[in-house]
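*Asks:* coords please:
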Amino acid sequence: MTKNTYEKWQLPNYVNTRSVGVLAETALQLENICTAAIFGGLNQFYRGKKSAGKTQLMRDVFNRYFGGEVWGLWEEGRSDFKPAQLFESLNISLAKGQIANLPRIEAVYEDNKNVSYLIQSYKEQDGELKLSWKRINEEEKKTIETKYSITTADLKNLRNIHKKFFCIDEYNRCPEVVMNLFYGLMTGEINHDGEIIKLGNGFYSGIAASNPEDYAGTFNMDAAMWARYHIVLDFTAFIPTEKDHDILKQRNLSPKVQESQTQDLTDEIEQIHLEIKKIPPTLKERIILQYLQTGLNICSNDSIQNSNKEHLDWPRICSQEGCDQSTKICGELGGIDERAVRAVYRLAKGLEKVVKLKTGEKKEIDPLDSLLLAYKFVAPYKGVLNPKTARDRKGIEALAFEEIIPAIKTKLKAKIEKLEEIAMADALETANFSILDLRTEYKKKALDNEYLRIEQEIKEKFQEEKDVLEEELIKEFKSEIEKKESEILRMKLHEDIPRYTSSILTFIKQIPESYKNLINQKMMSEMTDREYAKSKYAKDKDYQTFKNEAIQIYTNNIELIGTQLIGLEENFMKELDPENSAKIQAIKTIRDENPNAKVKYIPEKKQAEYQKELRKNLTDFLIEKNDREHQQERVALFEKEWSFLKLFFDELKEMYKNQKR
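*Replies:* Residues are numbered from 1 along each chain as shown. I've put the predicted structure just below:
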């Protein structure tokens, strides 16, 4: 496979440089939309006046992408055309053999009631073969016919089912009854003697071209057939530039459709198509697609209770109700159906691939831009445009969408940004909260009882029961108490300074230095004899004397700080850590009064998991409560569109939480 460059995808004869849209600062033309549609495996419909270039573009694609007749089929529309003729041929030699080999059998009626059969045969008489008739019964007749006859299926050879691309020019010269035969063909399958045969071996795409419906000898397509053609290129809406016309004049070509050297790009097309099929839509892309399907199908008039346009006499109801939205997006457009949504996404991915080929690099493309450009070529003639708007544009729906899409982009962009802003704010509100932060938040919201309830539920999952004098328990609590001391000194005192009175501040401001001294004293009290021997203190006194003094200094300072804090404000320690303070005191009392008692506690090895689950449950409860409180606010902000935007809100919040982590 040769290098995949844009040059080999350029078409040699069709000329139209008029821009139909811009992605990542790259202008795109009609032939780019055509290429993107083929990458997406989508069927196209070309609509426009005679000599608009429809047939030339189709012929270029037929020759340059699919090797002409190697992988493509080309037909002209006519009143007696039958798609099955493309894929079935009569096995003439077999049919002739059948006629020659089957003996002649005639029925003979006897007594006007019974029937017997005579079979023509030859018998030898006087050395010569003479024609004669031999009587046979019905069973013998059936045996002979089975032996020498062939079935209808035997008479038909399947052909062309490997072809991957189908073109039909002058399509609307086929009567409606003939057009109906194309349903299966445009979905990539045919019915052969009751069996569904898939075409193209995994990839199949088609293009049909037609003249305006007011031309003589043409017929109208019904809505179901329009839906089979995923993309509509209206050549009347995007006419070539004056420079394009001059280029064609300079070529001095025959007025006929130009042929080009064939080129087979089916391997590259199938590879790109497979890549596109594997790309799942992002969250933002899903929101946009849902808006095009559901959001545009919501009647924004508050006085109308049932807001689904499919259940209303839309758009007539707009004028009946005198709605101020009748000339805006709501009055102009309805939502596209599921088939069209899929076509929009596939075409958008195809367009992004075309931009990459044109620029030679992977560009950062806003999905709002690529999806709305795709929508511009999928939505026309799908029954979603207000008929009055279409009539005002002389039936050229593509012109109407060209005018409306900027307003859709502005509105949808604002909605998405606001949704993201609120989701991000909600996510960050609790994303990095520690359990201490959550406890403070619960207090602010007067949710102390809820906090205790959630905490107790989680504790019950992780608690174990042991004797209060058991060595393991003593070690567990010693470790836990020391961690709590460190947490209080380093975090809560510093964070909560604004909450305390000026008389306390004088002492608290000294805490960082006091804590530093405590750490040094603690390290000295735990120093080993080997460490002591290497220290500067070794020359002053013996190790045991030094250690006893260090332990005493450390203990005295701890008691001094605690006494000062409690003296300054009686409930200070309880406010900082009421649960742990009560637990320490309870265990001390039990040990003094009833040394045989048991106590429930969470072992050190389960602490991390316990803290994680407690934090999650506390956070989830706050989020759910916030959602309920903000529900009316969001409904007012997003109006009726909140009915589908809320589907994505929680997912957005979770995404921002993960990013923050």
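
*Asks:* where does the stretch 1-150 of the chain have low pLDDT?
*Replies:* By pLDDT under 70, the weakly predicted segments of the stretch 1-150 of the chain are 1-2, 83-85, 87-103, 109-114, 122-124, 127, 129, 145-150.

*Asks:* What of the stretch 351-500 of the chain?
*Replies:* For the stretch 351-500 of the chain (pLDDT under 70), the answer is 427-432, 466-500.

*Asks:* Just the element for the closest residue to Trp642 other than its chain neighbours, please.
*Replies:* Of all residues not flanking Trp642 in the chain, Val635 sits nearest, at 5.0 Å (C-beta to C-beta, 6 or more residues apart in numbering). The C-beta positions use only the backbone N, C-alpha and C, and glycine is treated the same way. Using DSSP states H and E, the element containing Val635 is helix 604-638.

*Asks:* Please point out which parts of that helix sit buried.
*Replies:* Tyr610, Leu614, Arg615, Leu618, Thr619, Phe621, Leu622, Ile623, Arg634, Phe638 (16 or more other C-beta atoms under 10 Å).

*Asks:* what does stretch 290-307 give?
*Replies:* 290-301, 304, 307.

*Asks:* What residues does the residue nearest to the spatial centre of the chain make contact with?
*Replies:* Central residue of the chain (C-alpha atoms, centre = their mean): Pro281, 2.7 Å from the mean position. Pro281 makes contacts with Leu289, Tyr345, as judged by C-beta atoms under 8 Å, 6 or more residues apart in numbering.

*Asks:* Now Lys49: phi and psi?
*Replies:* Here is the backbone geometry of Lys49 (degrees, to the nearest 10): phi -70, psi 170.

*Asks:* What values do phi and psi take at Ser116?
*Replies:* Dihedral angles (degrees, to the nearest 10) for Ser116: phi -130, psi 180.

*Asks:* ok, it touching Arg135?
*Replies:* Yes. Contact criterion C-beta atoms under 8 Å: Ser116 and Arg135 qualify, at 5.9 Å.

*Asks:* what about those two, which has more around it?
*Replies:* The neighbour comparison of Ser116 against Arg135 (other C-beta atoms under 10 Å) goes to Ser116, with 14 against 10.

*Asks:* what helix or strand is the nearest residue to that one once chain neighbours are set aside on?
*Replies:* Leaving aside its sequence neighbours, Ser116 sits nearest to Val108 (C-beta to C-beta, 6+ apart; 5.1 Å). In this structure, Val108 sits in strand 105-110 according to DSSP H and E.

*Asks:* Please tell me I have it right and the residue nearest to Ser116 contacts Ile119.
*Replies:* No. At 10.8 Å, Val108 does not count as touching Ile119 under the criterion of C-beta under 8 Å.

*Asks:* rewinding a little: now that the residue nearest to Trp642 has come up, it's in contact with Phe649, right?
*Replies:* No. When contacts are counted by C-beta under 8 Å, Val635 is not listed as touching Phe649 (11.9 Å).

*Asks:* nearest to Glu455, of the buried residues of stretch 290-307?
*Replies:* Closest approach to Glu455 among the buried residues of stretch 290-307 (C-beta to C-beta): Gln290, at 39.3 Å.

*Asks:* That closest one and Glu641 touch, don't they?
*Replies:* No. Taking contacts as C-beta under 8 Å, Gln290 lies outside contact range of Glu641: 9.7 Å.

*Asks:* With adjacent residues omitted, what lies nearest to Lys376?
*Replies:* Phe401 (5.1 Å).
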